[in-house]
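Undergrad: please find the sequence and the predicted model below.
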Amino acid sequence: MPVMRIAFMGTPDFAVPTLKALVASPHDVVLVVTQPDRRAGRGRRLAAPAVKVAALGLGLPLEQHADVNTDGFLERLSALGPDVLVVVAFGQILRKELLELPRHGAVNVHASLLPKYRGTAPINWAIVDGEAETGVTTMFMAPKVDAGEIILQRKMPISELDTAGSLSDRLSEMGARLLLETLELIERGDAPRIAQDKTRSSYARKLAKADGEIDWAQPTRRVLDRIRGMTPWPGAYTWYGGGVLRVERAEPGRGGSGAPGEVLSVDDEAVEVATADGSVRLLEVCPQGSCSMTSGDFVRGYRPKVGTQPFVRESEAGA
C-alpha cells in the first residue's frame, strides 16, 4: 500500500482505534488535532480527551484547538501538505477550505448507516429507537453535517444486551478497519462516491441529561431500550425519595398488574417495576449521593415497598 500523509482529527474514545490503526499502517500521521482539555466529573478537574492521551502515548505531533476554522490553522495544515484529512468524532464543523485542502480531501468515519442517524449521537439513538442493526460509514466530507458522499459501509447487529458503551466499542474497531480499506481505495483511485438519499435521512441530536429519564408509562421494550441507549452517558434515571436513582442494568420482568412505576416485587436479585405492558427488573442502581449497588443492597438499604409508586414524580403517582 502506498504511503499517504495523514492529518487526523478526533476527540473521544471512539476515535482512538482508528488513530492506532493508522499508526500501525504504512501511512504517515503528520499531525493529530483534538479538542482542548475540559473540566469533568464531580471535582470539575481538567481532563484530557482520549485522543490526546493516545497521541502522546504514541509519540505523535499533537495540537489542541477550540476552533480549527481560523486562517492560522489553515496555513499550518497547508504547510504540512497532508494527502488526506481523517476525521473521527472530532466535534467541530469544518469550513469548506479546510475540507478541500488535502490532495484527496477529508474522510470521515461515522457510527451509523448513513443517511440514517446523522448527527452527534447515532449510537445512542439507534438503541433507544429499537433498531436491530447499525454500522459504520466512511464518506468524503461536505460542509453540511454528515451529508457527504458515501465510500464504504459495514453493518453490525445490535444485541439486546448492548449498551451505548459496548456497541460504541465494537463499532470503533469496525470503523478503524473500514478506514484502512477506504484509504486503499482512495489511493488507487477506486473509491466510490455514492450520493446520500436525503429523503431517508434522520438526525441523531446531541444528548442532554434529561434524555436519560425513564418513562414507566412506556412499554417494557421501550423502557429497556432507553436504559441501554443512555448507558453510560448521560445515564438512565428514575426517582426515589425525592432524589435521582440511576439505573445501570435492567432486564425484562415477569409481568404483573400494576400502575406504571409501581413496585411489583422485591428480592435479593431485583426490584420489579411495572411498565405500560409488563414490567422491568432493576438489577443494578446508583442512588443519588451514593455509589453503584446491586438491587439486593438497594432493597436492604432503601426498603422500597411493594404496591407503592416511588419511581415516579410525586405529581404523577396514581395518575
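TA: Nice, thanks for sending it over. Numbering: from 1, shown residues only.
Undergrad: by mean pLDDT, point me to the weakest helix or strand of the protein.
TA: Each helix and strand of the chain was given a mean pLDDT (mean pLDDT, DSSP states H and E); the minimum falls on strand 38-40 at a mean of 86.
Undergrad: strand partners (parallel or antiparallel) of it?
TA: strand 45-47 (antiparallel) (DSSP bridges).
Undergrad: so the protein: which segments form each domain?
TA: As assigned by automatic domain parsing, the chain contains the domains 5-204, 209-302.
Undergrad: let me see the mean pLDDT of the shortest one.
TA: If you average the pLDDT over domain 209-302, you get 95.
Undergrad: the helix or strand that contains Arg300: which residues count as buried?
TA: Secondary-structure assignment from DSSP states H and E places Arg300 in helix 295-302. Across helix 295-302, burial judged by 16 or more other C-beta atoms under 10 Å covers 295, 297-299, 302. For the C-beta atoms, the positions are set from N, CA and C on the backbone; glycine is no exception.
Undergrad: burial count for Asp38?
TA: That one is not Asp; residue 38 is Arg. 12 (other C-beta atoms under 10 Å).
Undergrad: how about it, nearest residue that isn't a chain neighbour?
TA: Of all residues not flanking Arg38 in the chain, Ala47 sits nearest, at 6.1 Å (C-beta to C-beta, 6 or more residues apart in numbering).
Undergrad: for that neighbour, give me its contacts.
TA: 37-41 (C-beta atoms under 8 Å, 6 or more residues apart in numbering).
Undergrad: any idea how far it is from Gln35?
TA: 11 Å (C-beta to C-beta, to the nearest Å).
Undergrad: could you do Leu77 as well?
TA: Leu77 is 16 Å from Gln35, by C-beta to C-beta.
Undergrad: thinking again about what came up before, now render the domains of the chain as CSV, adding distance to Gln309.
TA: Output for the domains of the chain, formatted as CSV (distance: least, C-beta to C-beta, whole Å):
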stretch, distance to Gln309
domain 5-204, 24
domain 209-302, 5
